[in-house]
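The amino acid sequence is not available; the structure is as follows:
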């Protein structure tokens, strides 16, 4: 049982480039979400999904796309990277949609030059 | 919309009991209040959750008053390894979105 896995661990992009951050979980959780965490700050919700085929926007969705074709995978796409997207990105999953136990991945550190 | 307030930082010493309070209003009446711990360069890790009154597990206790307008995380006999940022998490009562506290940086001194 690997829990929540994220790849890559670290990525450097140039402004305007696109990329996909991968997230997978093997706990059969319906709820998955993406957060960004800027240095010294708290978590901000980007997008979330309550099940395969269903996604919705969080607090800071601009510049990001998501899809949920399977229960296990929830990739986050940066369409055209900007320096303001330099951050640490965390993927999380939980059984339900409420404030119950969420399991976090190790994070992806993204630097946009 | 729900709003949470936590102290930005706290200091304590090894062996002491530490209490961190999160104030929260307009939270979902049928949802948990959950606390997480985060070390540098790691994702948040679940500590404890409760609905009302008091919950205790092997690492912490959580006190929630009847009006659920606040919650207090209690860490007994802290050690240096408890130095971390602690977040409260609640659900909003209107749209059921999850609302994270801004985090409390706890520093434990020898």
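It's in. Every value quoted in this text rests on a predicted model; they were computed, and no experiment measured them.

what about residue B:66, how many residues close to it?
Counted with other Cβ atoms under 10 Å in any protein chain shown, residues neighbouring residue B:66 total 7. Any C-beta I mention is one placed from the backbone N, CA and C, and that applies to glycine too.

what's the nearest residue to it if we skip its chain neighbours?
Spatial nearest neighbour of residue B:66, excluding adjacent residues (Cβ to Cβ, 6 or more residues apart in numbering or on different chains): residue B:52 at 6.8 Å.

Correct me if wrong: the one you found contacts residue B:63.
No. Assessed by Cβ atoms under 8 Å, residue B:52 is found out of contact with residue B:63, at 9.8 Å.

When these two are compared, which one has more neighbours?
residue B:63 (17 against 14).

I'd like the mean pLDDT over the host helix or strand of the more buried one, please.
Assessed by DSSP states H and E, residue B:63 sits inside strand B:61-64. In this model, strand B:61-64 has a mean pLDDT of 97.

residue contacts, the residue in chain A that chain B sits nearest to?
The nearest approach of chain A to chain B comes at residue A:104, 3.1 Å away (Cβ to the nearest Cβ). For residue A:104, the contact set (Cβ atoms under 8 Å, 6 or more residues apart in numbering or on different chains) comprises A:4, A:90-92, B:43-45.

Looking at the residues you listed, which is nearest residue B:24?
Minimum separation from residue B:24 among the contacts of residue A:104 (Cβ to Cβ) is found for residue B:44, which lies at 17.2 Å.

What sits closest to that closest one if chain neighbours are left out?
Of all residues not flanking residue B:44 in the chain, residue B:36 sits nearest, at 3.9 Å (Cβ to Cβ, 6+ apart).

Can you verify my assumption that that neighbour contacts residue B:43?
No. Between residue B:36 and residue B:43 there is no contact under Cβ under 8 Å: 9.0 Å.

follow-up on the earlier one: what is the three-state secondary structure of the residue nearest to residue B:44?
Secondary structure state of residue B:36, per DSSP: H, G, I helix; E, B strand; the rest coil, is strand.

Got the confidence number for residue 99?
By default, I'm working from chain A. Predicted confidence (pLDDT) at residue A:99: the value is 71.

let's do chain B instead
For residue B:99, the pLDDT comes out at 87.

Wait, a strand at it?
Yes. Going by three-state DSSP, the assignment for residue B:99 places it inside a strand.

quick revisit: what residues does whatever helix or strand comes next after the strand holding residue B:63 touch?
Downstream of strand B:61-64, the next assigned helix or strand under DSSP H and E is strand B:70-75. For strand B:70-75, the surrounding residues in contact (Cβ under 8 Å, 6+ apart) are B:17-24, B:33, B:35, B:47-48, B:50, B:59-64, B:82, B:86, B:88, B:106.
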